[in-house]
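> Sequence plus predicted model, see below.
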Amino acid sequence: MRIAIATTQVPFLRGGAEIHAASLRHELELRGIEADIVSIPFKWYPPARLLDAMLMARLVDLSAVNGQPIDRVITLKFPAYYIEHACKIGWVLHQHRQAYDLFETPFGDLHHDAEGRAVAAEIRKWDERYLPEHRALFANSRVVRDRLERHNGIRSEVLYHPPASAERYRCAGFEPFILAPGRLDPMKRQLLALDAFRSLPPEVRLVLIGPSTGPYGDAVSAAAQALGPHRIIMRGIVSEAEKLDLYARCLGVYNGVYDEDYGYVTLEAFLAGKPVITHTDSGGPLEFVRDGENGFVVPPAGAEIAAAIARLAARPALAQELGDAGRRLLAALGIDWDKIIARLVA
């Protein structure tokens with residue numbers, strides 16, 4: 001069987017979606033299936049460029065290559081899921097959220113003028129027309145499934161997936177630092193964590209890992225410098241080995257995202273046996289984090305985050321108890337590539 005994995009990518013940027021596509025290709029190849037990734041370059045501004053990308057996707061011909069048929073296409077993201085194919089399976093990581101749940105919010109950019117609003121309306125129209133073309137439609141979380149049904153009346157099946165290198169995560173103790181993985185971005189809300197550290201004892205530290213760009217990254221850097229580099233450690237982009245080591249040694253993990261689709265951070269933390277601190281409006285993490293059982297679910301406020309971190313710092317044994325519960329939850333859910341591939345190629 002020959003399968004094309006259709007996705008989109010912003011040139012020169014690599015994040016969770018790109019890791020997901022690479023993992024899917026790897027897992028298909030391990031099972032003797034020939035697979036490759038077909039990426040459509042993506043630019044979202046000005047709004048009219050979105051229409052160009054949508055048409056580009058619709059015009060892509062993946063019926064055959066070099067005279068050999070492509071048996072199946074697995075689509076992952078907007079607008080790649082508009083590609084036409086006789087056997088198309090959708091595994092939706094997310095729609096173009098600026099046309100949906102982020103529309104008319106501080107995180108959206110299509111509601112500011114008539115052109116943007118028209119483009120958002122066209123995106124919704126295309127989603128409702130072309131997403132039902134898929135022979136089977138999966139969502140990578142309940143959050144994404146619920147958005148599809150709420151906004152478009154389209155039903156899908158939740159299909160969770162493990163993070164890359166899941167078998168390599170481990171626990172090597174509970175040192176007095178909180179790990180906050182992810183690019184510095186307003187929707188990741190690292191500034192809330194820095195606010196929390198204003199009232200925490202100096203022996204507890206915060207380690208931030210991930211790329212930093214734009215005004216928000218500058219704001220995080222300035223706040224970290226004000227609190228002191230001995231307390232707020234900005235590591236930037238780290239190697240896979242360094243990331244695994246930080247997960248293994250940290251006291252807990254802060255995942256302060258706003259209405260995340262799914263996100264690997266929660267699963268990575270639980271695989272390392274570490275508790276997660278997240279928020280009541282964080283979306284995807286709430287499918288896994290149970291307040292007081294395997295982490296803390298708190299309102300998005302510095303004082304609330306500080307109180308949760310203080311509990312872990314005062315009693316590392318509690319961090320171990322919560323982290324062990326998170327690991328048991330993942331084991332019970334049975335998030336496994338064998339099951340995933342079986343559903344995608346059925």
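Yes, it's here.

> Point to the residue nearest the middle of this protein.
By Cα atoms, centre = their mean, the chain has its centre lying nearest to residue 263, at 2.8 Å.

> quick one: contacts for the nearest residue to that one once chain neighbours are set aside?
In this structure, residue 263 finds its nearest non-sequential neighbour in residue 284, 5.1 Å apart by Cβ to Cβ, 6 or more residues apart in numbering. (Glycine included, C-beta is placed from N, CA and C.) By Cβ atoms under 8 Å, 6 or more residues apart in numbering, the residues touching residue 284 are 141, 143, 257, 260, 261, 262, 263, 266.

> Now distance to residue 59 too, for these, in JSON lines please.
JSON lines is the format used below for those (distance: Cβ to Cβ, whole Å):
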{"residue": "141", "distance to residue 59": "30"}
{"residue": "143", "distance to residue 59": "31"}
{"residue": "257", "distance to residue 59": "34"}
{"residue": "260", "distance to residue 59": "32"}
{"residue": "261", "distance to residue 59": "27"}
{"residue": "262", "distance to residue 59": "29"}
{"residue": "263", "distance to residue 59": "32"}
{"residue": "266", "distance to residue 59": "38"}
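
> one step back: pLDDT value on the residue nearest to residue 263, please?
On the pLDDT scale, residue 284 is placed at 97.

> go on, residue 15?
Note for residue 15: predicted pLDDT of 86.

> show me where the stretch 1-150 of the chain has helices.
Shown for the stretch 1-150 of the chain, the helices assigned by DSSP state H, counting those that start in this stretch span residues 16-30, 48-59, 114-130, 142-152.

> Map the structural domains onto the sequence of this protein.
2-159, 166-332 (automatic domain parsing).

> Any idea which of those gets closest to residue 344?
Nearest to residue 344, of all the domains of the chain, is domain 2-159, at 5.7 Å by Cβ to Cβ.

> check contacts around residue 337.
Residue 337 sits next to 27, 161, 162 when contact means Cβ under 8 Å, 6+ apart.

> Which secondary structure state does the second one sit in?
Assigned with DSSP: H, G, I helix; E, B strand; the rest coil, residue 161 falls in the coil class.

> ok, now which ones touch it?
By Cβ under 8 Å, 6+ apart, the neighbours of residue 161 are 20, 23, 24, 140, 335, 337, 340.

> same thing but at 10 Å, please
Applying Cβ atoms under 10 Å, 6 or more residues apart in numbering, we find residue 161 in contact with 20, 23-24, 27, 91, 93, 138, 140-141, 262, 264, 267, 335-337, 339-340.

> picking that back up, mind checking how far the residue nearest to the centre of the chain is from residue 30?
As for residue 263, its distance to residue 30 is 25 Å (criterion: Cβ to Cβ, to the nearest Å).

> Run through the strands of this structure in chain order.
Assigned by DSSP state E, the strands in the chain fall at 2-9, 34-41, 64-65, 68-69, 72-77, 88-94, 136-139, 157-158, 177-181, 205-209, 232-236, 252-254, 276-279, 295-298.

> Just send these back as a markdown table, with mean neighbour count, mean pLDDT and distance to residue 219 too.
Below are those laid out as a markdown table (neighbours: other Cβ atoms under 10 Å; pLDDT from 0 to 100; distance: least, Cβ to Cβ, whole Å):
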| stretch | mean neighbour count | mean pLDDT | distance to residue 219 |
| --- | --- | --- | --- |
| strand 2-9 | 22 | 97 | 27 |
| strand 34-41 | 16 | 97 | 29 |
| strand 64-65 | 12 | 95 | 46 |
| strand 68-69 | 10 | 96 | 51 |
| strand 72-77 | 25 | 98 | 28 |
| strand 88-94 | 23 | 97 | 25 |
| strand 136-139 | 22 | 98 | 33 |
| strand 157-158 | 13 | 98 | 35 |
| strand 177-181 | 25 | 98 | 15 |
| strand 205-209 | 21 | 98 | 13 |
| strand 232-236 | 16 | 97 | 12 |
| strand 252-254 | 27 | 98 | 17 |
| strand 276-279 | 28 | 98 | 19 |
| strand 295-298 | 24 | 98 | 22 |
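
> Make JSON lines from these and add distance to residue 49 to it.
As requested, the strands of the chain are exported to JSON lines (distance: least, Cβ to Cβ, whole Å):
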{"stretch": "strand 2-9", "distance to residue 49": "12"}
{"stretch": "strand 34-41", "distance to residue 49": "10"}
{"stretch": "strand 64-65", "distance to residue 49": "27"}
{"stretch": "strand 68-69", "distance to residue 49": "32"}
{"stretch": "strand 72-77", "distance to residue 49": "16"}
{"stretch": "strand 88-94", "distance to residue 49": "18"}
{"stretch": "strand 136-139", "distance to residue 49": "26"}
{"stretch": "strand 157-158", "distance to residue 49": "31"}
{"stretch": "strand 177-181", "distance to residue 49": "30"}
{"stretch": "strand 205-209", "distance to residue 49": "31"}
{"stretch": "strand 232-236", "distance to residue 49": "30"}
{"stretch": "strand 252-254", "distance to residue 49": "34"}
{"stretch": "strand 276-279", "distance to residue 49": "32"}
{"stretch": "strand 295-298", "distance to residue 49": "38"}
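
> ok so, going back, among the contacts of residue 284, which are in helices?
Cross-referencing the contacts of residue 284 against helices under DSSP state H gives 143, 266.

> List just the nearest of the contacts of residue 284 to residue 43.
residue 261 (20.6 Å).

> And the pLDDT at the closest one?
The score at residue 261 is 95. That number is its pLDDT.
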